[in-house]
Structures are given as C-alpha cells and as structure tokens.
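>>> structure for this input, please:
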Amino acid sequence: MPGIDKLPIEETLEDSPQTRSLLGVFEEDATAISNYMNQLYQAMHRIYDAQNELSAATHLTSKLLKEYEKQRFPLGGDDEVMSSTLQQFSKVIDELSSCHAVLSTQLADAMMFPITQFKERDLKEILTLKEVFQIASNDHDAAINRYSRLSKKRENDKVKYEVTEDVYTSRKKQHQTMMHYFCALNTLQYKKKIALLEPLLGYMQAQISFFKMGSENLSEQLEEFLANIGTSVQNVRREMDSDVETMQQTIEDLEVASDPLYVPDPDPTKFPVNRNLTQKAGYLNARNKTGLVSSTWDRQFYFTQGGNLMSQARGDVAGGLAMDIDNCSVMAVDCEDRRYCFQITSFDGKKSSILQAESKKDHEEWICTINNISKQIYLSENPEETAARVNQSALEAVTPSPSFQQRHESLRPAGQSRPPTARTSSSGSLGSESTNLAALSLDSLVAPDTPIQFDIISPVCEDQPGQAKASGQGGRRTNPFGESGGSTKSETEDSILHQLFIVRFLGSMEVRSDDHPDVVYETMRQILAARAIHNIFRMTESHLLVTCDCLKLIDPQTQVTRLTFPLPCVVLYATHQENKRLFGFVLRTSGGRSESNLSSVCYIFESNNEGEKICDSVGLAKQIALHAELDRRASEKQKEIERVKEKQLKELSKQKQIEKDLEEQSRLIAASSRPNQASSEGQFVVLSSSQSEESDLGEEGKKKESEA
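The predicted model follows:
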C-alpha cells in the first residue's frame, strides 16, 4: 500500500544509532495508535450497549402493552377500543424489538469483533515484542562488555570460549527479536487502517440491514393504521382543549361568584339565612372532653341524612352516625372563648354534643335545620313549606347576644368590608421624604441590638401632649363610636372620622430615622425574625380606632383604652410591600423633659388583610386634621382682623367724644365770659385772654396724649 513507512529489517544486525532513532519514532506511533484505538473502542462499545438497552427496552414496552388489558384501573379500565389499539401497537413494537435484537447481533459481529481483535491481539503483540527486544538488547550489551574485558596477557581458552559463545547467542537472539519486532511494527501500519475501517464498515452494513428490515415491516397497512391513530389523537386533543377552555371559564365564573364566600364570616345582609332547610352539610368543630375541665376541638365534615346527623373525617369513604336528631333539642350556647357554638341534646337527654360553626350564617342555619329535622318535617310531602310555617319556633333557638366585635363589625362602614386590591403599598409622612435615605444602610435605620417590646404593658409616654397623666386615662372606658357615657363627653366625640380595625400587636422598637418607609420595613423584618428565634407566637388582639385627633388601641372585651397615640406625633406609616396584613407606624416622642430630645418608636401590627385601609384611614385623618388646623388658623386670623377693626372703631368713637366735650367746654367758657353775666351769689368770673389760650392749649395737649 503506497505511503506506508517501514523500518529497514536489513539494518537490524548493524543496530546503528540511526536505526534505533527510527525505531523510537515507530514505537511512539504505536503508543499513539494504542491510545486512540482504546478511545474508539469505548465509543463503539457505548453504541453496542445502547443498542442492547434499546432492544431490551423495546421488548419490555411491547410486553407492558400486551398486559394493559389485564390492568384494573379505577377509571376507564374497560375501554375495549384502547385495549385493541394497544395490542396492535404491541405487535408492531415486538417486531421492531426483533429488528433491534438482530441489529445488536450484527454490531457485535461486524463492529465489535474486529476492533476487539486488534486491541487484544495486535496491540498486545507489539507490547510483548517490545519487552522481549529490550531484554535481548540488554543481554547483548552485557555479553559485549564481558567480551571486551578479556585479558591480553593471561588468556584462558575456556573463559574465552564461554564469552564468545555468550556473545554469539545474545547477538543472534537480539537479531532475531529485532527482525520480528520490526516486522510487527511495519505490519501495524497496515493493521491500524484495517482496524479503523472494518468496524465502521460493519456498523454501516448493520444499520442498512436494520433499516431494510424496518422498511419491509412498516407496510402500507401499518401506515394507514398510524394515520388513523394520529387522527384519533388529534380529535382527543381538540376535545381536551375544548374541555379545558370550558373548565377555565367555569373556574373564572366560580372565582367571581365565590369571591364574597372567601370571607369566613360573610355579611348576613348580603347572604341571608335560609331557615327552611331540612338538609345541610358542612364542616363543624366538635368538642371532645379529655378531662374534667380540659377539652379538644376536632374539625370534621357533618351532614344530615334523614333523621340522623352523620360525621365523616377527611379521606374517609363514608360517614358514620354521630347522633339521632329526631325529637332532639338544639340551642345556641356560650362556650369558653369560642364563637358560634350550639348544643344538640338527644330526645332522652343521655347524649349531647357541642359543635361550632364557622360563621354566624352557618350557625343559625344549622340550628334551624336541626330544629326542622327534630320536628320530623323532612317526612312531609313539601318540607320547605312546612318548615316555613314553623320557622318562628326555629328562630327562638337563636338566642346569643351580639358580642362587642360583632357589634363593631355591623357598625363598620361598608367601604371597609374588604381590603383594596388596586394599590400595592400605602405610606405617608408629615415631613418631606428624604431622597438620600435609599443609599443608607439598614443599620442606620434600625440598630440590630435595639430592645424589642412584644406586648402592650404601659402607655406610650406620659409627657406627650394629649396623653393621659398617671391613671387619669389608663383605666377609663372609651366608647369608640363617640356616644356619650354619663355626663362626661368622650374626647373623640367631636371628631369627624371614626374608623375601627381589628389588629394584633407584634412588637415595637426604637428607630434611628423616621422619614422613609424603609424604617418600617426593616422594623417588621427584625421583629418577625425575633419572634421566630424566641418562639413567641402569642399576639395581643385589640381594636384600633382612627380619629382626627389620635389613634387608640382599645381592649375588645372591656373597651378600656390601652394606648393613645396623638395623631400629630405619627410621622410615618406604611404597609408591608408583599404581605398586606402587616403595617406599622412611627411615633415621634419626647425622650425626656426637654422637648428638643426626641426619639422615634416604630409599632408593628397585623390585621385581617386591612393594612392598606388602615394606612389610608390614617392618611385621611391627617388630611382632615390638616384642613381643620388650616381652618382654625384662618378663623383666628379673621378674628384678629375683626378685633383690630373694633379697636380702631373704639378709638375713633373716643376721639369724636373728646372733640364734642371740648366744643361744649368752649361754649360754656364763652358764655361765662360775658360782662353782664353774674353768678347767683353776686360774684363774677373773669378770664383773661391768656388764660383762655392756656386752657385751649391744655385741652389740646390732653387730646394729643389721649390719641397717643
């Protein structure tokens, strides 16, 4: 084959340095061929392994398709069309599996066998000959060295014969080994081409044979079958898309219709109570006594079935009998700190159960439904009409008085029933916001080691204006709706704005800055992190009353004012950017007796998704207070102008009166200066002209002094 380099076998006996140098090049080439062929062998072995795995996986797929008809699915397991279709697919895939198995065998014979033979036989032969040649070369060198050291003066025929024989044997062995080694290296140049081309040729021939078998197996009948299956798949997809679109529209409609129902206690005015029911189902909390005074509450699904009340735990297939409610008695009860509780007592009084409903509407409907069932109205032909006639007796069972919270909920303005969703955050401040605060670090806003107060224990600061001194305000009951209690008027009675919110106090801490919402956000983060670290989960629930004068925290049970925050001192308020239930405000307080020593405290609360509404209410209160202050100042200025005008009018009237008195006095003086006028006692008063002028000058001086 042209272009093949060869080692000169004729020069092996001479063993010149040039021959050894050329041998080194061939040995280096043999090492490179060995490395490359090892990599190619690994790649082809991966193809062979993948083909074997594909053949096994295809066979397993065909086996599973055949076993489809033996499966028992809870839904749609008896689809004969699907079973027959999969059986036909399994036959085709089984044929393909056979083709893949044939391909695996051909790859093993035509691709893997040649390259494996070259790797295991030829390359190992070269390596073995290299080691044998190295040993022979070393033995020859050693024999030559011994021969060269033979003594010239003391010749020993026996030693000389042995050394000569050793040189002869080692040189012959080296020559023979070197010739075979050169021959193997020369042959390797041919074998490497064969080892590269034969596996590739076998691979391509195996693939061509595989594709020919596939073409023969995939007949026109199979193509028609696949086309029909593709059409069926497209029809199923279109039906699925249509069904999904219908379900999406149903979901949107249900979301819009169910939006008011997401509130656990909906407004009874929007969702009236149906008192004519004879069947009802829903989740209730059942009280289970665990001791003499202790008890637990379990949430289960309850439903009525005829004259029985059934209960069913989540995940159960069917419900069990909870109580026979024929001829039973039901009534609302006050149970510990739980709301909307009612008690069912059996007709013989031996069994009773206390259940809790989720809302006031469910509470009344359960009582009315059980009342209707206990009277066996469900056995009549038209239960609803019969229940309507006895509805009055069912209403008498609903007897609990509204609590403080329910009363506030009913009096709350309609605009506060649900939190706004259009705005992302609410924040406000009295002063102008600083644009440089964004570049400050969080430590400059809230110090990491600042103490945190997790509970409401005392008033904010007794030295604040408008804050109660000592015990004057701390224990007085406050009516949040401005109704007068006794003869003393409430301090917020004249306020225009009265808005009430249910909040839970999370904590408060002193802050370094009070002119950017980041102060509130960082305080929220630190307080929530501290609660998680110290495992503090208890929160004090209060009613936050927003007026134009102040913010008040009121105890929901006793209506006692816990804290009062003057509205002018609230300099910043904001809602959490992501969790709209969290909001807080910063209160600027006096740190000591000197009013110049001011400190800022940030208070954080949790509400029922009304954080933005609270901030809006505070902002509205501040606007109302600002307008009221501006109106007050304008009124005072107007009163001052009227007082100045009134004073000027008084001065003008006084001046006119003085002038009138002077004219009268002058007239009297002129009348008394007549010569024939005498007094009643016969005495005359004569005034000289100089005295008259002095009198006029004195009157004018008095006039000027009075004007001054």
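>>> quick check: pLDDT value at the residue nearest the centre of the chain.
The residue lying closest to the centre of the chain (Cα atoms, centre = their mean) is residue 578, at 7.9 Å. Looking at residue 578, its pLDDT stands at 79.
>>> burial of residue 336, as a residue count?
9 (other Cβ atoms under 10 Å). No exception for glycine: its C-beta is placed from N, CA and C like everyone else's.
>>> from residue 22, how far out is it?
104 Å (Cβ to Cβ, to the nearest Å).
>>> other residues contacting the helix or strand containing residue 588?
Residue 588 is part of strand 582-590 when elements are defined by DSSP states H and E. Strand 582-590 is contacted from outside by 426, 460-461, 463-464, 506, 511, 514, 519-520, 523-524, 551, 565, 569-576, 597-607, 611-612, 614-615, 618, using Cβ atoms under 8 Å, 6 or more residues apart in numbering.
>>> pull out the buried residues from stretch 45-64.
Neighbour-count burial for stretch 45-64, with 16 or more other Cβ atoms under 10 Å as criterion, is recorded at 48, 51, 52, 54, 55, 58, 59, 61, 62.
>>> helices - which of these land there?
48, 51, 52, 54, 55, 58, 59, 61, 62 (DSSP state H).
>>> farthest pair in those residues?
48 and 62 (21.6 Å; Cβ to Cβ).
>>> before we move on, back to that, how about a markdown table for the buried residues of stretch 45-64, with pLDDT added?
Listed next are those as a markdown table, based on pLDDT from 0 to 100:
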| residue | pLDDT |
| --- | --- |
| 48 | 94 |
| 51 | 92 |
| 52 | 94 |
| 54 | 93 |
| 55 | 92 |
| 58 | 91 |
| 59 | 91 |
| 61 | 93 |
| 62 | 91 |
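>>> what is the nearest of these to residue 214?
residue 58 (12.2 Å).
>>> quick one, what contacts that closest one?
93, 96, 97, 100.
>>> from the residues you listed, pick the one nearest residue 235.
Closest to residue 235, out of all of the contacts of residue 58 and judged by Cβ to Cβ, is residue 93, at 23.1 Å.
>>> nearest residue to that closest one in space, please, no chain neighbours.
Ranked by Cβ to Cβ, 6 or more residues apart in numbering and with sequence neighbours excluded, the top spatial neighbour of residue 93 is residue 62, at 4.3 Å.
>>> hang on, the earlier thing: adjacent strands (with direction) for the strand holding residue 588?
When pairs are called by DSSP bridges, strand 582-590 turns out to pair with strand 570-575 (antiparallel), strand 598-607 (antiparallel).
>>> out of these, deepest packed?
strand 570-575 (a mean of 24; mean count of other Cβ atoms under 10 Å).
>>> packing partners of the helix or strand containing residue 240?
Under the criterion of DSSP H and E, residue 240 resides in helix 220-258. With contacts taken as 3 or more Cβ pairs under 8 Å, 6 or more residues apart in numbering; DSSP states H and E, helix 220-258 sits against helix 80-107.
>>> after the helix it packs on, next one along is what?
With DSSP H and E, the next secondary element past helix 80-107 is helix 113-117.
>>> helix or strand right after the lengthiest strand in the chain?
With secondary structure taken from DSSP state E, the chain has its longest strand at strand 499-511. Moving toward the C-terminus from strand 499-511, the next helix or strand (DSSP H and E) is helix 518-534.
>>> residues of stretch 176-187 that come out buried?
For stretch 176-187, by 16+ other Cβ under 10 Å, it's 177, 178, 179, 180, 181, 182, 184, 185, 186.
>>> now do the helices in the stretch 551-700 of the chain.
611-672, 689-707 (DSSP state H, counting those that start in this stretch).
>>> now the first one: how far from the chain's centre is it?
On the basis of Cα atoms, centre = their mean, to the nearest Å, helix 611-672 is displaced by 61 Å from the centre of the chain it belongs to.
>>> go on, stretch 29-37?
Distance, centroid of stretch 29-37 to centroid of chain: 60 Å (Cα atoms, centre = their mean).
>>> avg pLDDT for that stretch?
Stretch 29-37 comes out at a mean pLDDT of 93.
>>> contacts for it?
115, 118, 119, 123, 126, 185, 188, 192, 195.
>>> ok, stretch 95-107 next?
47-48, 51-52, 54-55, 58-59, 61-62, 202-203, 205-207, 209-210, 213-214, 217.
>>> and stretch 140-148, by the same measure?
Against stretch 140-148 from outside (Cβ under 8 Å, 6+ apart): 163, 164, 166, 167, 169, 170, 171, 173, 174.
>>> mind listing what the first one touches?
Under the criterion of Cβ under 8 Å, 6+ apart, the contact partners of residue 163 comprise 143, 146, 147, 150.
>>> for the residues you listed, pick the one with the most neighbours.
Busiest of those [other Cβ under 10 Å] is residue 143, holding 21 neighbours.
>>> give me the three-state assignment for it.
Assigned state for residue 143: helix (three-state reduction, DSSP: H, G, I helix; E, B strand; the rest coil).
>>> roughly how far apart are it and residue 174?
Taking Cβ to Cβ, one finds residue 143 at 9 Å from residue 174.
>>> how about residue 567?
For residue 567, the distance to residue 174 - Cβ to Cβ - is 112 Å.
>>> the two - which one has more neighbours?
residue 174 (22 against 19).
>>> can you list the weak-confidence ranges in the stretch 101-250 of the chain?
220-221 (pLDDT under 70).
>>> ok, back up a step: reformat the contacts of stretch 140-148 as CSV; add secondary structure and distance to residue 582.
Below are these laid out as CSV (DSSP: H, G, I helix; E, B strand; the rest coil; distance: Cβ to Cβ, whole Å):
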residue, secondary structure, distance to residue 582
163, helix, 104
164, helix, 107
166, helix, 100
167, helix, 101
169, helix, 100
170, helix, 96
171, helix, 99
173, helix, 95
174, helix, 93
